[in-house]
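Undergrad: any chance you could fold what I've pasted below:
(one chain, ligands or ions: 1)
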Amino acid sequence: MKSFYITTAIDYVNGSPHLGHAYEKVLTDVIARFRRQMGDQVHFLTGTDEHGQKVQASARKRGIDAQAFVDETAAEFRALYDKLGVSYDDFIRTTEPRHKQVVRDILQKLFDAGEIYRAEYHGFYSTRQEQFLQEKDRLPDGSWPEIFGEVSEIVEPNYFFRLRKHQDWLIDYLKTHEDFIFPKYRQKQVLEFLKEPLNDLCVSRPKERLEWGIPLPFDEGYVTYVWFDALLNYYSAVVDKGLWPADYNVIGKDILVPPHAVYWPIMLHACGLPPPKSLLVHGWWLQSGAKMSKSTGGAVNPLDLIAQFGVDAFRYFLIREMNVGQDSEFTVEQFLVRYNSELANNLGNLVNRTLNMTTRFAAGVLPAAEVVEDPERELHELWTRTRDEVISLAEGFQFHTGIERTIAFVTATNAYIEKRAPWKLGKSAEPKDQALLRTSLATMAEALRLAVALLQHVTPGTTEKINAVLGYQPGADWPAELQWGPKLNGSKVAAALVLFPRPVAPDKPA
Ligand code: MSP
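TA: Next up, the predicted model:
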């Protein structure tokens, strides 16, 4: 078995989770489930980023101890991911001893090797961004952009990590590993960024300014810069499992340059470790053109849609709507369009027809197909094409197109039913018509079974429910499940299943 190690970004727990956080975990889950179905031995890591200024400030605002605060908020993130069916194998919190120990060991190792050095720092510091600023960050009028909040001038000794020393190595690495970043064009942005000489990275924060962090092992008067701490989660979580390097670190585009594309590979390289094999960079969910975040919550909190429409409808929408790597606008109207036209009226309709007609014309027991004429042949051929295409699309993270193709196959199956019109065949006593009736029942049921097998990584709960009403227990070998065949012959189906209840008119969300 091929091993496949995949991670998500770890979320800041200074507030509640929002759609952007949920999307990334669902996307990574879809990839993890797909790889498991393809037979890989998957290790899927997610978790929470719990140190730093923002968390310390939020805890103080609430008037509680930082640890008590992160215990509460991290649990909220984890509960959401559990509810969304995110099939992580490990959930790491950066406040756990197993992580802190690895971070301290690595800092010590880098310090001993001269990769981290102490120097006097003169400069401007943004508390909000937890970062030192440079002259080039100023606006033309000399002031600091608003995103930095309050900026103060400081002089203090600090510890610096030698980024500059490894800049040429990184440039060379990127040029010789063209597939390091998906989508590919982002690799060029990184090389562009690397045209300027790098400054060494300040990895320490004096305790007077920030207490909530991992103390430096060689100077307990300082805590570790939160990014240096957080990035190491991907490694600390598997240090005793021998799984490094990761196959994919999945991240949003806002944290590619510089943290994941510059600090992270250089940190690993300085430790004598290989970089992750790839970075998978997704875009943003926008609302009215702006990045969604806790504070921009519009009239509808997208997470409320889970309670109303179910986990799978929510997962379906996120994966159906977003072209991985690009941005996508979130609107409830668009959610309802997908829900109604693709799930309720198309897939839901096929489920209803299959169950109703099997109950009505075959006493609920699926017959064998007996005839193969043009309508059947065309559907078989469409299935083979659809399956091969969807697998290859999923391998390239084109899940949205994969779903589109699968839904087109469902549409074709509904059209097949119209063509065969089992309700007419059922009225005829002709043996030929009876054989066609049995064939049409078997064909629609098999097409439904196959379609939901192909949606399994996106909507696992729905696939399971539909298999259950078809009286079917799928085997463990997923590719084998995708063969058209007589698997459902003799299955006893349920009389009905309400899967996607009451389609709602787009103008009046219930
Ligand atoms: N804690 C850091 C990541 C450290 S990884 C070693 C962080 N946290 S975050 O909570 O701000 O963001 C977590 C992930 O959610 C990031 O990958 C980010 O891109 C993603 N998203 C946050 N808002 C988003 C959208 N509106 N849309 C899609 N994803 C975005 O950054």
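Undergrad: so which residues on the protein come close to the ligand?
TA: Within the chain, the residues that sit near the ligand (C-beta under 6 Å from any ligand atom) are 9-12, 20-21, 23-24, 49, 230-231, 233, 251-252, 254-255, 284-285, 291-293. Glycine gets a C-beta too; all of them are placed from N, C-alpha and C.
Undergrad: how is the closest residue to the ligand within the stretch 401-510 of the chain assigned, secondary-structure-wise?
TA: Taking C-beta to the nearest ligand atom, the ligand has its nearest neighbour within the stretch 401-510 of the chain at residue 458, 17.7 Å off. Here residue 458 is coil, with the state taken from DSSP: H, G, I helix; E, B strand; the rest coil.
Undergrad: that older thread, in ChimeraX, select just the buried ones from the residues of the chain next to the ligand.
TA: To isolate the buried ones among the residues of the chain next to the ligand in ChimeraX, judged by 16 or more other C-beta atoms under 10 Å, type:
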select :9,10,11,12,20,21,23,24,49,230,231,233,251,252,255,284,285,292
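Undergrad: identify the residues contacting the residue of the chain found nearest the ligand.
TA: Here the residue of the chain nearest the ligand is residue 252; by C-beta to the nearest ligand atom that distance is 1.7 Å. Residue 252 makes contact with 9, 20, 24, 281, 282, 283, 284, according to C-beta atoms under 8 Å, 6 or more residues apart in numbering.
Undergrad: again, only using 7 Å
TA: 9, 20, 24, 282, 284 (C-beta atoms under 7 Å, 6 or more residues apart in numbering).
Undergrad: closest to residue 74 among the residues you listed?
TA: residue 9 (14.4 Å; C-beta to C-beta).
Undergrad: nearest residue to the closest one other than its sequence neighbours?
TA: Leaving aside its chain neighbours, residue 9 sits nearest to residue 251 (4.8 Å; criterion: C-beta to C-beta, 6 or more residues apart in numbering).
Undergrad: doesn't the one you found lie inside a strand?
TA: Yes: assessed with three-state DSSP, residue 251 lies in a strand.
Undergrad: who's in contact with residue 200?
TA: With C-beta under 7 Å, 6+ apart, residue 200 has these contacts: 160, 161, 162, 163, 164.
Undergrad: the last one contacts residue 198, doesn't it?
TA: Yes: here residue 164 reaches residue 198: they are 4.9 Å apart, a contact under C-beta atoms under 7 Å.
Undergrad: more neighbours, these two?
TA: residue 198 (18 against 14; other C-beta atoms under 10 Å).
Undergrad: give me phi/psi at residue 41?
TA: When quoted as degrees, to the nearest 10, the phi and psi of residue 41 stand at phi -90, psi 100.
Undergrad: same check on residue 47?
TA: Per-residue torsions, residue 47: phi 170, psi -160 (degrees, to the nearest 10).
Undergrad: so it makes contact with residue 233?
TA: Yes: assessed by C-beta under 7 Å, residue 47 is found in contact with residue 233 at 6.0 Å.
Undergrad: so what sits against both of the two?
TA: 10, 92.
Undergrad: for the helix or strand containing residue 60, what is the distance to the chain centroid?
TA: According to DSSP states H and E, residue 60 maps onto helix 53-62. Counting by C-alpha atoms, centre = their mean, to the nearest Å, helix 53-62 is centred 27 Å from the centre of its parent chain.
Undergrad: alpha carbons of it, as PDB, please.
TA: Extracted C-alpha coordinates of helix 53-62, given in PDB (Å, rounded to 0.1, in the frame of the first residue of the first chain):
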ATOM      1  CA  GLN A  53      -0.600  37.500  20.400                       C
ATOM      2  CA  LYS A  54      -4.100  37.200  19.000                       C
ATOM      3  CA  VAL A  55      -5.000  34.300  21.200                       C
ATOM      4  CA  GLN A  56      -3.500  36.000  24.200                       C
ATOM      5  CA  ALA A  57      -5.400  39.200  23.500                       C
ATOM      6  CA  SER A  58      -8.700  37.300  23.000                       C
ATOM      7  CA  ALA A  59      -8.300  35.400  26.200                       C
ATOM      8  CA  ARG A  60      -7.600  38.600  28.100                       C
ATOM      9  CA  LYS A  61     -10.600  40.300  26.700                       C
ATOM     10  CA  ARG A  62     -12.700  37.400  28.000                       C
END
